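Visitor: sharing a model that was predicted from the sequence below.
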Amino acid sequence: MGLGQKVGRALDWGKRIQFVYQVVGYLLTLSATAAVRAMIYNTHIPTVWRIPIYLFAAALTLLFVAVVGEWLGKRIRRTSNITRTELADIEQRAGHTALLLYFLARATDLLRDLEALWHQWDDAGEKLIHPLDGRIDQLKGDNWDLVSKKRDFMVLYSHHLMTLKVEFPNFSSAAISGGYPSQREYSQVRYDLIQHMEELKVTADNAWNTSTLA
């Protein structure tokens, strides 16, 4: 490899690291902003703090993947005949798959939260009929704890749909089509979330198995 090629690769790696640092900084800023909102506007910290924790974890994961990916890429190129184009294709598919699995984990959390919320309302003698609309279900008493927990769930649910549509605008599922807010009843929201999780898993499998070079 000539001196020009070595300098070019060094600059390319430098640009990649600089970009990763910019993205990591952006995610950490979002995490801090979400944490401040959680402290000011929300009372159920263990639930609502998932958003800043998710963002912080995403920042650390992105930095880790970038560094390890470059290290593995160098080892792969030294021990095989794979081209940089083929390696870039593998990295892109791996990135898309990892991000989809991240959204699958969040959807799994939402399903668990939805079921727990229904039981909390039922234990208090209330009926959670419309979990995605804060205007319809009326409580028999002044149980603001239940109202706050429902609000927290709606915040997490809407944030999941919003970020998923930004990252994968072509992804579709019953939950995406149903939108937010929604007057769908509990059983339908729960069924749509289960189907939503299945679609995410299938899409993640396809993302890994489908080459962008085909």
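Guide: In hand now; what should we look at?
Visitor: when you work out contacts or count neighbours from here on, use the C-alpha atoms and nothing else.
Guide: Noted.
Visitor: domain ranges for the chain, per the record?
Guide: 1-82, 99-214 (automatic domain parsing).
Visitor: mind listing what Glu114 touches?
Guide: For residue 114 the amino acid is Leu, not Glu. With contact taken as Cα atoms under 8 Å, 6 or more residues apart in numbering, Leu114 is in contact with 131, 153, 190.
Visitor: quick one: which of those is nearest to Leu110?
Guide: Taking Cα to Cα as the measure, Leu110 lies nearest Phe153 of these, at 7.6 Å.
Visitor: burial count for that closest one?
Guide: For Phe153, the number of neighbouring residues by other Cα atoms under 10 Å comes to 19.
Visitor: same deal with the one 10 residues further on?
Guide: Burial measure for Thr163: 12 neighbouring residues, criterion other Cα under 10 Å.
Visitor: now do whichever strand or helix holds it, average pLDDT.
Guide: Using DSSP states H and E, Thr163 maps to helix 144-167. If you average the pLDDT over helix 144-167, you get 90.
Visitor: remind me what it packs against, helices and strands.
Guide: Identification of packing neighbours for helix 144-167 by 3 or more Cα pairs under 8 Å, 6 or more residues apart in numbering; DSSP states H and E yields helix 45-48, helix 84-123.
Visitor: would you confirm that Arg184 contacts His130?
Guide: Yes - taking contact to mean Cα atoms under 8 Å, the distance of 6.1 Å between Arg184 and His130 places them in contact.
Visitor: lowest-confidence stretch among the domains of the chain?
Guide: Mean pLDDT per stretch puts domain 1-82 lowest among these, at a mean of 55.
Visitor: check contacts around the residue lying closest to Ala107 once chain neighbours are set aside.
Guide: Using Cα to Cα, 6 or more residues apart in numbering and skipping the chain neighbours, the partner closest in space to Ala107 is Met197 (6.2 Å). Contacts for Met197 (Cα under 8 Å, 6+ apart) come out as 104, 107-108.
Visitor: buried set for the helix holding Thr163?
Guide: Within helix 144-167, the residues that count as buried by 16 or more other Cα atoms under 10 Å are 146, 149-154, 156-157, 160-161, 164.
Visitor: now the angle from it to helix 84-123?
Guide: When axes from the mean of the first three to the mean of the last three Cα atoms, to 10 degrees is applied, the directions of helix 144-167 and helix 84-123 differ by 160 degrees.
Visitor: check which element follows helix 144-167 along the chain.
Guide: Toward the C-terminus from helix 144-167 - assigned by DSSP H and E - lies helix 174-178.
Visitor: buried residues, that next one. List them.
Guide: Buried positions in helix 174-178, judged by neighbour count with 16+ other Cα under 10 Å: 174-176.
Visitor: now render those as CSV, adding distance to Lys201.
Guide: Formatted as CSV, the entries for the buried residues of helix 174-178 read as follows, by distance: Cα to Cα, whole Å:
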residue, distance to Lys201
Ala174, 14
Ala175, 14
Ile176, 15
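Visitor: closest to His119 among the residues you listed?
Guide: Distances from His119 to the buried residues of helix 174-178, taken as Cα to Cα, are shortest for Ala175 (21.5 Å).
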